[in-house]
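1. Build the 3D model from these lines:
(2 chains)
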Amino acid sequence: MNLTRRAALALIISTAALPVAAQDRPVVATDNYPLAYFAERLGGEGVDVLFTVPGDVDPSFWRPGIADITAIQAADVIALNGAGFSTWPTKASLPRSRTFDTTAGLSDRLIQTDTVTHSHGDDGEHSHEATANYVWLDFELAQQQAAAIAEAMTRQMPDLAETITSSRDGLMGDLAALDAQGRAIGDMADLPPVVTSHPRYQYLGAAYGLDISALEWDANMDPTPDQWAALEALVAQTGAKVFVWEAEPSPGARARMAEIGLTDVVFPPLANRPAAGDFVSVMQASLTTLSEAFDAL
Amino acid sequence: MRRLFAALAVVAFATAAQAHNLNVFAFVEDGTVVVETKFSTGKIPVSGEVRVLNAASEVVLTLPLQEDGTVRFPLDPDAASGGLTIEVMTGEGHDDYWILTPEDIANGSES
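-> Next up is the predicted model:
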């Protein structure tokens, strides 16, 4: 670690008010919470995990400040979700030898979303596809992302190799259990179509056999009359029986959902850190809630 | 070092190309800040405004984008001491930014 990186690391540590003893710990920076959680589980007390996106900001749209980028540049491992999840890594110089795309080996598993057609300027009308990027909602792919982080951390932090190896099995076991929980849902007979409040669940649907239609509702606002009407039309068209919110809705919105005849569940996709619990406990609870919703139909 | 920045520019443009947007890249060379812009379609924006912000997010300079999609301005060591954010807004409603940290600036100044 050169002097400039040491200075930047000191800045991170003073900003986070960590104990002085933490100053020598290697740093893993990530662009979303699932990757931060995997790094925390793998490195334990031996690493500092840098994920500074405020809790009320979608990490996909986070715009870091200069100090954030300075700290990230100094990290020993910069673990990115890839698949176009966040834009900020393309807006600053990151050290290529320490930057790792955790879906780089998963290109054949990534899901292309609907083609978007639009026009601007003199370019005329044109189309492009986007890539769904909440990859970790397929918990088998989440294991592969965790494995990619473990490999990067082992390479960059050889002193922690033993710690990483010993924690890896526990993490993989927990993710495999989530995968099994998801597959158990997929094995249930006659699963009805599902509508989600936002297009976040492509990998969940593909991995566990859910027929999902997505809306584009703002997570923190009650739906408008037009949005309710669009939902009712979609329910009539698809025969959906279950609705998935990405965040806790208002009581009024839940009551309206019941009037429409939908069983609704909250399934936070966890791009950002949950207010309570962690990746595994929140995902376990969400899968249980979803399973119970199907069971009750 | 210049080769490194060039390589990073290629990576940045290639990665962001999927998003079909304006891409901005900036670097420091011989005491000059060089800003380059390109749409992900490969086209060069012919007009736009470049805003330079210091570490306190104060605008320290505003410049028009040149017809070749670039702009250059002398590095002010005082204004740039905490790093710079370069924001570019084109007339077609696209905008983007690039962050130059103090380390980026120091490395560029050494080249």
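
2. burial measure for the closest residue to chain A within chain B, as a count.
-> Going by CB to the nearest CB, chain A is nearest to residue B:83 of chain B, at 3.6 Å. (C-beta placed from N, C-alpha, C; glycine too.) Applying other CB atoms under 10 Å in any protein chain shown, we find 21 residues neighbouring residue B:83.

3. show me the contacts for it.
-> Residues near residue B:83 by CB atoms under 8 Å, 6 or more residues apart in numbering or on different chains: A:66, A:67, A:69, A:70, B:54, B:55, B:99, B:100, B:101, B:102, B:104, B:105.

4. Looking at those, which are in strands?
-> Judged by DSSP state E, the subset of the contacts of residue B:83 located in strands is B:99, B:100.

5. what's around residue A:296, how many residues?
-> Residue A:296 sits with 9 neighbouring residues when counted by other CB under 10 Å.

6. My error: substitute residue B:33 in the last question.
-> By the criterion of other CB under 10 Å, residue B:33 has 23 neighbours.

7. what's the answer for residue A:191, then?
-> Residues near residue A:191, counting by other CB under 10 Å: 17.

8. cool, the one 5 residues further on as well?
-> Using other CB under 10 Å, residue A:196 has 24 other residues around it.

9. so it bridges to which residues?
-> Counting by DSSP bridges, residue A:196 forms beta bridges with residue A:214, residue A:244.

10. Assign a three-state SS to residue A:171, would you?
-> helix (DSSP: H, G, I helix; E, B strand; the rest coil).

11. returning to what we had before: can you tell me the closest non-neighbouring residue to the residue of chain B closest to chain A?
-> Excluding the flanking residues, the one nearest residue B:83 by CB to CB, 6 or more residues apart in numbering or on different chains is residue A:66, at 3.6 Å.

12. Same check on residue A:228?
-> The nearest residue in space to residue A:228 (CB to CB, 6+ apart) is residue A:256, at 6.6 Å.

13. what residues are up against the most centrally placed residue in chain B?
-> A centroid search over chain B (CA atoms, centre = their mean) returns residue B:26, at 3.0 Å, as the residue closest to the centre. If a contact means CB under 8 Å, 6+ apart, then residue B:26 has B:33, B:34, B:35, B:36, B:84, B:86, B:98, B:100 as its contacts.

14. Mind listing the strands the helix or strand harbouring it pairs with, and their directions?
-> Residue B:26 is located in strand B:22-29, with elements delineated by DSSP states H and E. For strand B:22-29, the paired strands and their directions (DSSP bridges) are strand B:32-39 (antiparallel).

15. who touches the strand it pairs with?
-> B:9, B:13, B:20-28, B:44-45, B:48, B:50, B:52, B:65, B:69-75, B:80, B:84, B:86, B:88, B:90, B:94, B:96, B:98, B:100.

16. Now do the same for residue B:72: its pLDDT.
-> pLDDT recorded at residue B:72 is 98.

17. host element of it?
-> strand B:70-74.

18. Can I get that strand in PDB, CA atoms only?
-> Extracted C-alpha coordinates of strand B:70-74, given in PDB (Å, rounded to 0.1, in the frame of the first residue of the first chain):
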ATOM      1  CA  THR B  70     -13.700  18.300 -25.800                       C
ATOM      2  CA  VAL B  71     -12.700  21.200 -23.600                       C
ATOM      3  CA  ARG B  72      -9.300  22.000 -22.000                       C
ATOM      4  CA  PHE B  73      -8.600  24.400 -19.200                       C
ATOM      5  CA  PRO B  74      -5.500  25.100 -17.000                       C
END
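
19. name the helices or strands packed onto that strand?
-> Contacts defined by 3 or more CB pairs under 8 Å, 6 or more residues apart in numbering or on different chains; DSSP states H and E place strand B:70-74 against strand B:32-39, strand B:59-64.

20. returning to that earlier point: return the set of buried residues in the strand holding residue B:26.
-> Neighbour counts over strand B:22-29 (16 or more other CB atoms under 10 Å in any protein chain shown) mark B:22, B:23, B:24, B:25, B:26, B:27, B:28 as buried.

21. circling back to that earlier point, tell me the bridge partners for the residue nearest to the centre of chain B.
-> residue B:35.

22. dump the residue contacts of residue A:174.
-> residue A:280.

23. that's a helix at it, yeah?
-> Yes. Counting by three-state DSSP, residue A:174 falls inside a helix.

24. I'd like to know how far it sits from residue A:279.
-> 9 Å (CB to CB, to the nearest Å).

25. residues touching the closest residue to residue A:209 other than its chain neighbours, list them.
-> Nearest residue to residue A:209 in three dimensions, chain neighbours excluded: residue A:186, at 3.7 Å (CB to CB, 6+ apart). Residues in contact with residue A:186 (CB under 8 Å, 6+ apart) are A:207, A:208, A:209, A:210.
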